[in-house]
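> what shape does this take:
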Amino acid sequence: MQPLQSIRAPIAAILIIQAFVLVVRSMIQISLRERGIDTAFAKDLSYLVVPLLLAGMLYPILKVHKTFLLELFSFRRLNMRLVLSAIAIGVLARVAYWCHLLGSISFGLLTNSDSAAIAGPFVSFGCPPAHVFLLGLLVWIGLVPAIEEVINRGLIQSTLMDRGRWFAIIVSALLFAAFHTPASMLFAFIFGIVFAIQFANTRTLWTTIITHATYDGLIQFDWRCVQGTWNPPISDTPMLGLGVAYLVGLIVSCAAIAWLLTRAGVRDTPRTQS
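A predicted model of the protein is given here:
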(Lines give C-alpha, C1' and ligand atoms only; values in the text may rest on other atoms or scores of the structure.)
Protein backbone atom coordinates (compact mmCIF):
# COMPACT_ATOMS: atom_id res chain seq x y z
CA MET A 1 0.00 0.00 0.00
CA GLN A 2 1.32 3.44 -0.97
CA PRO A 3 2.13 5.99 1.76
CA LEU A 4 -0.43 8.67 2.57
CA GLN A 5 0.26 11.76 0.48
CA SER A 6 0.59 15.33 1.60
CA ILE A 7 -1.18 17.96 -0.49
CA ARG A 8 -1.11 21.76 -0.38
CA ALA A 9 -4.61 22.99 0.30
CA PRO A 10 -5.16 26.51 1.78
CA ILE A 11 -6.19 25.61 5.33
CA ALA A 12 -6.99 29.18 6.39
CA ALA A 13 -9.34 29.64 3.45
CA ILE A 14 -11.03 26.29 4.15
CA LEU A 15 -11.63 27.23 7.80
CA ILE A 16 -13.01 30.68 6.91
CA ILE A 17 -15.38 29.18 4.34
CA GLN A 18 -16.48 26.49 6.79
CA ALA A 19 -17.14 29.07 9.51
CA PHE A 20 -19.08 31.31 7.11
CA VAL A 21 -21.27 28.45 5.91
CA LEU A 22 -22.06 27.38 9.48
CA VAL A 23 -23.01 30.95 10.38
CA VAL A 24 -25.39 31.03 7.42
CA ARG A 25 -26.80 27.67 8.54
CA SER A 26 -27.33 29.07 12.07
CA MET A 27 -29.18 32.09 10.69
CA ILE A 28 -31.47 29.83 8.66
CA GLN A 29 -32.05 27.66 11.75
CA ILE A 30 -33.05 30.72 13.80
CA SER A 31 -35.39 31.83 11.03
CA LEU A 32 -37.05 28.42 10.93
CA ARG A 33 -37.47 28.43 14.71
CA GLU A 34 -39.13 31.85 14.56
CA ARG A 35 -41.63 30.35 12.12
CA GLY A 36 -42.61 27.81 14.75
CA ILE A 37 -40.67 24.81 13.46
CA ASP A 38 -39.46 22.36 16.11
CA THR A 39 -35.88 22.99 17.27
CA ALA A 40 -34.49 19.58 16.28
CA PHE A 41 -36.23 19.61 12.90
CA ALA A 42 -35.08 23.18 12.21
CA LYS A 43 -31.51 22.22 13.07
CA ASP A 44 -31.53 19.31 10.63
CA LEU A 45 -33.46 21.14 7.92
CA SER A 46 -31.07 24.10 7.99
CA TYR A 47 -28.10 21.76 7.50
CA LEU A 48 -29.30 20.88 4.00
CA VAL A 49 -27.82 24.15 2.72
CA VAL A 50 -24.36 23.27 4.05
CA PRO A 51 -23.25 20.78 1.35
CA LEU A 52 -24.51 23.09 -1.41
CA LEU A 53 -22.71 26.17 -0.05
CA LEU A 54 -19.52 24.28 0.73
CA ALA A 55 -19.44 22.61 -2.69
CA GLY A 56 -19.78 25.98 -4.39
CA MET A 57 -17.30 27.91 -2.25
CA LEU A 58 -14.73 25.10 -2.02
CA TYR A 59 -15.03 24.19 -5.72
CA PRO A 60 -11.66 25.69 -6.78
CA ILE A 61 -9.87 23.77 -3.98
CA LEU A 62 -11.77 20.55 -4.65
CA LYS A 63 -11.04 20.84 -8.37
CA VAL A 64 -7.29 21.16 -7.81
CA HIS A 65 -7.23 18.10 -5.54
CA LYS A 66 -9.91 16.11 -7.35
CA THR A 67 -7.65 13.19 -8.26
CA PHE A 68 -6.27 12.91 -4.74
CA LEU A 69 -9.70 13.00 -3.10
CA LEU A 70 -11.13 10.46 -5.54
CA GLU A 71 -8.27 8.14 -4.64
CA LEU A 72 -9.22 8.46 -0.97
CA PHE A 73 -12.67 7.21 -1.93
CA SER A 74 -11.37 4.31 -3.98
CA PHE A 75 -12.97 1.00 -3.02
CA ARG A 76 -9.63 -0.68 -3.73
CA ARG A 77 -8.50 0.50 -0.33
CA LEU A 78 -11.54 -0.94 1.43
CA ASN A 79 -12.23 -4.48 2.60
CA MET A 80 -14.67 -6.18 4.95
CA ARG A 81 -12.16 -6.24 7.82
CA LEU A 82 -11.77 -2.44 7.68
CA VAL A 83 -15.54 -1.94 7.43
CA LEU A 84 -16.25 -4.10 10.48
CA SER A 85 -13.39 -2.49 12.39
CA ALA A 86 -14.70 0.99 11.56
CA ILE A 87 -18.20 0.08 12.77
CA ALA A 88 -16.79 -1.45 15.96
CA ILE A 89 -14.77 1.70 16.72
CA GLY A 90 -17.91 3.84 16.37
CA VAL A 91 -19.90 1.56 18.70
CA LEU A 92 -17.09 1.40 21.25
CA ALA A 93 -16.73 5.19 21.21
CA ARG A 94 -20.40 5.57 22.09
CA VAL A 95 -20.04 2.96 24.83
CA ALA A 96 -17.05 4.90 26.17
CA TYR A 97 -19.12 8.11 26.20
CA TRP A 98 -21.91 6.51 28.22
CA CYS A 99 -19.47 4.85 30.62
CA HIS A 100 -17.86 8.24 31.18
CA LEU A 101 -21.22 9.95 31.73
CA LEU A 102 -22.72 7.30 34.04
CA GLY A 103 -19.43 6.87 35.87
CA SER A 104 -19.26 10.61 36.53
CA ILE A 105 -22.78 10.49 37.99
CA SER A 106 -21.91 7.42 40.09
CA PHE A 107 -18.84 9.07 41.58
CA GLY A 108 -20.79 12.28 42.26
CA LEU A 109 -18.81 14.34 39.74
CA LEU A 110 -22.03 15.25 37.89
CA THR A 111 -24.96 16.30 40.08
CA ASN A 112 -28.31 18.01 39.69
CA SER A 113 -28.90 20.75 42.25
CA ASP A 114 -32.64 20.78 41.56
CA SER A 115 -34.27 19.18 44.60
CA ALA A 116 -37.40 18.46 42.56
CA ALA A 117 -35.52 16.49 39.89
CA ILE A 118 -36.63 12.88 39.43
CA ALA A 119 -34.03 10.63 41.02
CA GLY A 120 -34.58 7.65 38.74
CA PRO A 121 -33.15 5.79 37.07
CA PHE A 122 -36.07 6.07 34.65
CA VAL A 123 -35.93 5.05 30.98
CA SER A 124 -38.64 5.25 28.33
CA PHE A 125 -38.67 4.74 24.58
CA GLY A 126 -40.39 6.81 21.91
CA CYS A 127 -39.10 8.10 18.58
CA PRO A 128 -40.20 11.40 17.02
CA PRO A 129 -42.41 11.50 13.89
CA ALA A 130 -41.00 9.54 10.95
CA HIS A 131 -40.15 12.60 8.82
CA VAL A 132 -38.21 14.19 11.69
CA PHE A 133 -36.31 11.01 12.50
CA LEU A 134 -35.52 10.19 8.85
CA LEU A 135 -34.24 13.70 8.17
CA GLY A 136 -32.04 13.41 11.26
CA LEU A 137 -30.60 10.15 9.95
CA LEU A 138 -29.97 11.67 6.51
CA VAL A 139 -28.14 14.63 8.01
CA TRP A 140 -26.18 12.96 10.80
CA ILE A 141 -25.39 9.60 9.16
CA GLY A 142 -25.08 10.77 5.57
CA LEU A 143 -24.13 14.43 5.25
CA VAL A 144 -22.24 15.37 8.42
CA PRO A 145 -19.72 12.48 8.42
CA ALA A 146 -18.93 12.84 4.71
CA ILE A 147 -18.51 16.63 4.83
CA GLU A 148 -16.49 16.74 8.05
CA GLU A 149 -14.21 13.89 6.99
CA VAL A 150 -13.47 15.36 3.56
CA ILE A 151 -12.60 18.71 5.13
CA ASN A 152 -10.79 17.64 8.28
CA ARG A 153 -9.05 14.50 7.10
CA GLY A 154 -9.05 14.65 3.30
CA LEU A 155 -7.95 18.28 3.02
CA ILE A 156 -6.62 19.60 6.35
CA GLN A 157 -4.83 16.54 7.73
CA SER A 158 -3.43 15.65 4.32
CA THR A 159 -2.05 19.17 3.94
CA LEU A 160 -0.31 18.95 7.33
CA MET A 161 1.25 15.52 6.71
CA ASP A 162 4.53 16.95 5.39
CA ARG A 163 5.08 18.49 8.86
CA GLY A 164 4.94 15.10 10.54
CA ARG A 165 2.38 12.42 11.25
CA TRP A 166 1.60 13.43 14.85
CA PHE A 167 1.60 17.16 14.08
CA ALA A 168 -1.04 16.52 11.41
CA ILE A 169 -3.06 14.28 13.73
CA ILE A 170 -3.13 16.67 16.69
CA VAL A 171 -3.69 19.90 14.75
CA SER A 172 -6.43 18.41 12.57
CA ALA A 173 -8.13 17.09 15.73
CA LEU A 174 -7.92 20.54 17.35
CA LEU A 175 -9.47 22.20 14.30
CA PHE A 176 -12.14 19.51 14.20
CA ALA A 177 -13.02 20.17 17.85
CA ALA A 178 -13.09 23.94 17.29
CA PHE A 179 -16.23 23.60 15.18
CA HIS A 180 -18.16 21.84 17.94
CA THR A 181 -20.04 23.29 20.88
CA PRO A 182 -17.94 24.16 23.96
CA ALA A 183 -19.54 21.37 25.99
CA SER A 184 -18.48 18.74 23.44
CA MET A 185 -15.08 20.11 22.42
CA LEU A 186 -12.99 17.84 24.63
CA PHE A 187 -14.70 14.69 23.47
CA ALA A 188 -14.61 15.94 19.86
CA PHE A 189 -10.85 16.48 20.19
CA ILE A 190 -10.32 12.95 21.53
CA PHE A 191 -12.54 11.47 18.85
CA GLY A 192 -10.79 13.67 16.26
CA ILE A 193 -7.50 12.03 17.21
CA VAL A 194 -9.12 8.62 16.70
CA PHE A 195 -10.35 9.67 13.25
CA ALA A 196 -6.96 11.12 12.34
CA ILE A 197 -5.04 7.99 13.35
CA GLN A 198 -7.57 5.83 11.54
CA PHE A 199 -7.21 7.91 8.38
CA ALA A 200 -3.40 7.92 8.56
CA ASN A 201 -3.34 4.15 8.98
CA THR A 202 -5.90 3.19 6.33
CA ARG A 203 -5.33 5.90 3.66
CA THR A 204 -9.05 5.98 2.90
CA LEU A 205 -11.89 8.26 3.95
CA TRP A 206 -14.32 5.36 3.93
CA THR A 207 -13.14 4.06 7.32
CA THR A 208 -13.47 7.40 9.11
CA ILE A 209 -16.82 8.13 7.46
CA ILE A 210 -18.16 4.72 8.53
CA THR A 211 -16.95 5.20 12.11
CA HIS A 212 -18.27 8.76 12.21
CA ALA A 213 -21.65 7.68 10.78
CA THR A 214 -21.90 4.79 13.25
CA TYR A 215 -21.25 7.06 16.22
CA ASP A 216 -23.61 9.80 15.01
CA GLY A 217 -26.27 7.21 14.19
CA LEU A 218 -26.17 5.91 17.74
CA ILE A 219 -26.45 9.48 18.99
CA GLN A 220 -29.62 9.93 16.93
CA PHE A 221 -31.07 6.81 18.48
CA ASP A 222 -30.31 7.55 22.12
CA TRP A 223 -31.03 11.30 21.87
CA ARG A 224 -34.29 11.06 19.96
CA CYS A 225 -35.76 7.68 20.89
CA VAL A 226 -34.54 7.01 24.43
CA GLN A 227 -35.57 9.30 27.27
CA GLY A 228 -33.61 8.62 30.43
CA THR A 229 -33.40 10.29 33.83
CA TRP A 230 -30.97 9.55 36.61
CA ASN A 231 -30.37 12.15 39.31
CA PRO A 232 -29.27 10.30 42.44
CA PRO A 233 -29.37 12.47 45.58
CA ILE A 234 -26.00 13.85 46.60
CA SER A 235 -26.34 11.93 49.86
CA ASP A 236 -26.31 8.66 47.86
CA THR A 237 -23.05 9.42 46.09
CA PRO A 238 -20.40 8.34 45.54
CA MET A 239 -21.66 4.89 44.53
CA LEU A 240 -18.28 3.26 44.35
CA GLY A 241 -19.39 -0.12 43.02
CA LEU A 242 -21.20 1.34 40.03
CA GLY A 243 -18.53 3.96 39.50
CA VAL A 244 -15.75 1.38 39.33
CA ALA A 245 -17.83 -0.78 36.96
CA TYR A 246 -18.35 2.12 34.57
CA LEU A 247 -14.68 3.09 34.88
CA VAL A 248 -13.67 -0.43 33.90
CA GLY A 249 -16.09 -0.22 30.96
CA LEU A 250 -14.51 3.05 29.87
CA ILE A 251 -10.97 1.65 30.08
CA VAL A 252 -11.90 -1.53 28.23
CA SER A 253 -13.69 0.42 25.48
CA CYS A 254 -10.76 2.79 24.99
CA ALA A 255 -8.27 -0.10 25.00
CA ALA A 256 -10.36 -1.92 22.38
CA ILE A 257 -10.46 1.20 20.19
CA ALA A 258 -6.66 1.56 20.48
CA TRP A 259 -6.19 -2.10 19.56
CA LEU A 260 -8.47 -1.78 16.52
CA LEU A 261 -6.58 1.31 15.37
CA THR A 262 -3.28 -0.54 15.46
CA ARG A 263 -4.85 -3.32 13.40
CA ALA A 264 -6.36 -0.94 10.84
CA GLY A 265 -3.24 -0.47 8.74
CA VAL A 266 0.46 0.27 8.72
CA ARG A 267 2.30 3.51 9.29
CA ASP A 268 4.34 4.97 6.46
CA THR A 269 6.28 8.15 5.87
CA PRO A 270 4.23 10.67 3.86
CA ARG A 271 5.26 11.85 0.43
CA THR A 272 4.30 15.16 -1.18
CA GLN A 273 2.04 15.21 -4.21
CA SER A 274 3.76 16.77 -7.19
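
> pLDDT score assigned to Asn112?
The model reports Asn112 with a pLDDT of 75.

> tell me how many other residues crowd it.
16 (other C-beta atoms under 10 Å). (C-beta placed from N, C-alpha, C; glycine too.)

> quick check on it: phi, psi?
With angles defined as degrees, to the nearest 10, Asn112 sits at phi -110, psi 120.

> that one against Asn231, yeah?
Yes. Assessed by C-beta atoms under 8 Å, Asn112 is found in contact with Asn231 at 4.2 Å.

> so Val123, which state does it fall into?
At Val123 the chain is in strand, as set by DSSP: H, G, I helix; E, B strand; the rest coil.

> and for the nearest residue to it once chain neighbours are set aside, the neighbour number?
Nearest residue to Val123, sequence neighbours excluded (C-beta to C-beta, 6 or more residues apart in numbering): Gly228, at 4.7 Å. Using other C-beta under 10 Å, Gly228 has 12 neighbouring residues.

> test my guess that Leu143 contacts Pro51.
Yes. Using C-beta under 8 Å, Leu143 is in contact with Pro51, at 5.8 Å.

> against Ala119, how distant is the residue lying farthest from the centre of the chain?
In the chain, Ser235 marks the outermost C-alpha relative to the chain mean, sitting 35.8 Å out by C-alpha atoms, centre = their mean. With distances taken as C-beta to C-beta, to the nearest Å, Ser235 is found 11 Å from Ala119.

> check Ser46 too.
37 Å.

> who has more neighbours out of the two?
Ser46 (21 against 12).

> need the contact list for that one.
Ser46 is in contact with 25-26, 28-29, 32, counting by C-beta atoms under 8 Å, 6 or more residues apart in numbering.

> tell me how far it lies from Phe187.
Relative to Phe187, and taking C-beta to C-beta, Ser46 is found at 23 Å.

> identify the residue nearest the geometric centre of this protein.
Central residue of the chain (C-alpha atoms, centre = their mean): His212, at 5.0 Å.

> per-residue confidence at it?
In this prediction His212 is given a pLDDT of 97.

> wait, it sits on Glu148?
Yes. His212 is in contact with Glu148 according to C-beta under 8 Å; the separation is 6.8 Å.

> which outside residues touch the helix or strand where Val248 lies?
Here Val248 sits within helix 240-263, counting by DSSP states H and E. Residues outside helix 240-263 that contact it (C-beta under 8 Å, 6+ apart): 85, 88-89, 92-93, 95-96, 99-100, 102-103, 106-107, 194, 197-198, 201.

> one step back: can you flag which of the contacts of Ser46 belong to strands?
Among these, DSSP state E puts none in strands.

> may I see those residues arranged in CSV, with distance to Pro60 as well?
Listed next are these as CSV, based on distance: C-beta to C-beta, whole Å:
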residue, distance to Pro60
Arg25, 21
Ser26, 25
Ile28, 24
Gln29, 28
Leu32, 30
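
> which member of those is positioned nearest Asp222?
Relative to Asp222, the closest of the contacts of Ser46 is Gln29; by C-beta to C-beta it sits at 22.3 Å.
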